[in-house]
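> this is a predicted model, with the sequence first.
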Amino acid sequence: MEKPKNAEAFIAQQKQAIASNPDCGTSHYNLAVALLGQGKVEEAEQSLATAIECSPGLAEAYVQMGGICLKRGDMDGCLDWNRRAVKAKPSFSEGWGNIGFVLLQHGDVEGAITALEKATAFNFRFIQAFATLANAYLMNGQIKESIEANLKALDLSPEFAVAHNNLAIAYLEDGQPEKALAHADKAKQFGYEVAPEILKELEPHRN
């Protein structure tokens, strides 16, 4: 994390860049990100709006706007901004990941899977998207696909507790309780609170 004085210097630098070139969308965007880091959300929002006005193809700015909506609990706003992001840049994995997350919250599992498959195809190191995709597969009854997506997440981060927890559920559904138990233990080891009903179901399989 930058020290506040460094952040202040960075903000001053961006403001200087904007003063000499007011139409540079990237400078407005950089300023917005720095302002968000300081919790100045409304100022950041204004800078993002200007960044988009100057550079309509700046997909990152749309995603930041979506993030602001999400923090306010405005899921529809978040979805709208991220859809604009992938329209501006169709291979933008972060936008697809966010669309998948929101659609899953809305109960549109099929739509979420489509978006999350794109997110992970465009960025095969997008660990959070793999975990959300695994969850969506599980909700859709695609157990084998869920296991595969969770294992990909663990390839990227072996201590990712959420993926271990998801695997415990998926392996249990798949009739592999021993594997499920191993992953439930790992999830707990890495700080995840596994649902008591899952642990209860797995207990008889403990040697």
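Arrived safely, thanks for sending.

> can you name the element that comes right after the worst-scoring helix or strand of the chain on mean pLDDT?
Sorting the helices and strands of the chain by mean pLDDT, DSSP states H and E puts helix 4-20 at the bottom, at a mean of 80. The helix or strand immediately downstream of helix 4-20 is helix 25-37, counting by DSSP states H and E.

> what about A184, distance to A136?
As judged by Cβ to Cβ, to the nearest Å, A184 and A136 stand 21 Å apart. Using the backbone N, CA and C atoms, a C-beta is placed for each residue, glycine as well.

> now do the same for the closest residue in space to L104 that isn't next to it in sequence: its pLDDT.
Leaving aside its sequence neighbours, L104 sits nearest to A112 (Cβ to Cβ, 6 or more residues apart in numbering; 4.0 Å). pLDDT recorded at A112 is 98.

> ok, A112 to A131 distance?
13 Å.

> okay, the nearest residue to H106 once chain neighbours are set aside and G95: tell me how far apart.
Leaving aside its chain neighbours, H106 sits nearest to M75 (7.0 Å; criterion: Cβ to Cβ, 6+ apart). For M75, the distance to G95 equals 15 Å [Cβ to Cβ].

> more crowded one of the two?
G95 (28 against 16; other Cβ atoms under 10 Å).

> please identify the helix or strand for that one.
helix 93-105.

> pLDDT of stretch 68-77, averaged?
Mean predicted lDDT for stretch 68-77 stands at 95.

> in that stretch, which residues are buried?
Across stretch 68-77, burial judged by 16 or more other Cβ atoms under 10 Å covers 68-70, 75, 77.

> just the CA atoms of it, as CSV, please.
Output in CSV follows, covering the C-alpha atoms of stretch 68-77 (Å, rounded to 0.1, in the frame of the first residue of the first chain):
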residue,chain,number,x,y,z
ILE,A,68,-18.5,1.7,-7.3
CYS,A,69,-22.1,0.5,-8.0
LEU,A,70,-21.4,-2.9,-6.4
LYS,A,71,-20.2,-1.3,-3.2
ARG,A,72,-23.4,0.7,-3.1
GLY,A,73,-25.4,-2.5,-3.5
ASP,A,74,-26.5,-1.5,-7.0
MET,A,75,-26.2,-4.8,-8.8
ASP,A,76,-28.0,-3.7,-11.9
GLY,A,77,-25.7,-0.7,-12.3
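
> so what touches it?
36, 41, 44-45, 48, 66, 78, 80-81, 98, 102, 105-106 (Cβ atoms under 8 Å, 6 or more residues apart in numbering).

> pick out the most distant pair among those residues.
Using Cβ to Cβ, the contacts of stretch 68-77 span at most 26.1 Å, a distance reached by A44 and H106.

> pick out the most distant pair among the buried residues of stretch 68-77.
I68 and M75 (12.5 Å).

> re earlier: count residues in the vicinity of the residue nearest to L104, would you?
25.

> which is the next helix or strand following the helix or strand hosting it?
Taking DSSP H and E as the criterion, A112 maps to helix 109-122. As assigned by DSSP H and E, the chain's next helix or strand after helix 109-122 is helix 127-139.
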